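> sequence? don't have it. structure:
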């Protein structure tokens, strides 16, 4: 008919992210203990300019996402934070221990125990990859957030070093997961990178 031919070049694939609950809980313990950001009046003024560019729809969408991830018991916290220029307090551990983000760490999480967290350092409702999100990345707000996230990871690593029982719990959970689900790359044997 159309004499069209189709060929498929399967050159990439990735697995879903598998969080290690014990490791994620440890990270969130440190997030709650050390994670509250300290923004000054200049940060708040900067954030308020971006906050004014967000639509009601964007903010409502983020509120639904956060309530879904952190559980309905945090709805009042989410509502309060949504009225601020910046979210300045840490929420609880996500109810599902799974975050709805795109990540390339999926394959890694099938090979080693993996935990992760998001540290929001932009006005609540800012859509990932939007111009507001990108522009905020050069701000003191973002730099303070990056530094704070690094501290949280460092404290979590120290906990694993100084609390071998916690490290064993992390390893045991991962071993139990791997027992019934061995990792097998989704890439075809003949796949070649471009």
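Sure, I can see it. All of these numbers come straight from a predicted model, not from anything done at the bench. Numbers count the residues shown, from 1 in each chain.

> any idea which helix is longest in the chain?
helix 140-162 (DSSP state H).

> need the residues that contact that helix.
For helix 140-162, the external contacting residues (C-beta atoms under 8 Å, 6 or more residues apart in numbering) are 23, 26-27, 30-31, 33-35, 37-39, 42-43, 46-47, 86, 115, 117, 119-122, 136, 166-167, 170. Where C-beta positions appear, they are placed from N, C-alpha and C, glycine not excepted.

> so after it, what's the next helix or strand?
As assigned by DSSP states H and E, the chain's next helix or strand after helix 140-162 is helix 164-180.

> so which elements touch that following helix?
In terms of contacts (3 or more C-beta pairs under 8 Å, 6 or more residues apart in numbering; DSSP states H and E), helix 164-180 is packed against helix 21-34, helix 140-162.

> could you give the mean pLDDT of it?
Mean pLDDT, computed over helix 164-180, is 97.

> just the buried positions in it, please.
Neighbour counts over helix 164-180 (16 or more other C-beta atoms under 10 Å) mark 166-167, 169-170, 174 as buried.

> and the worst-scoring helix or strand of the chain on mean pLDDT, what does it pack onto?
None of the helices or strands of the chain scores lower by mean pLDDT, DSSP states H and E than helix 75-82, at a mean of 78. Packing contacts for helix 75-82, counted by 3+ C-beta pairs under 8 Å, 6+ apart, involve helix 56-70.
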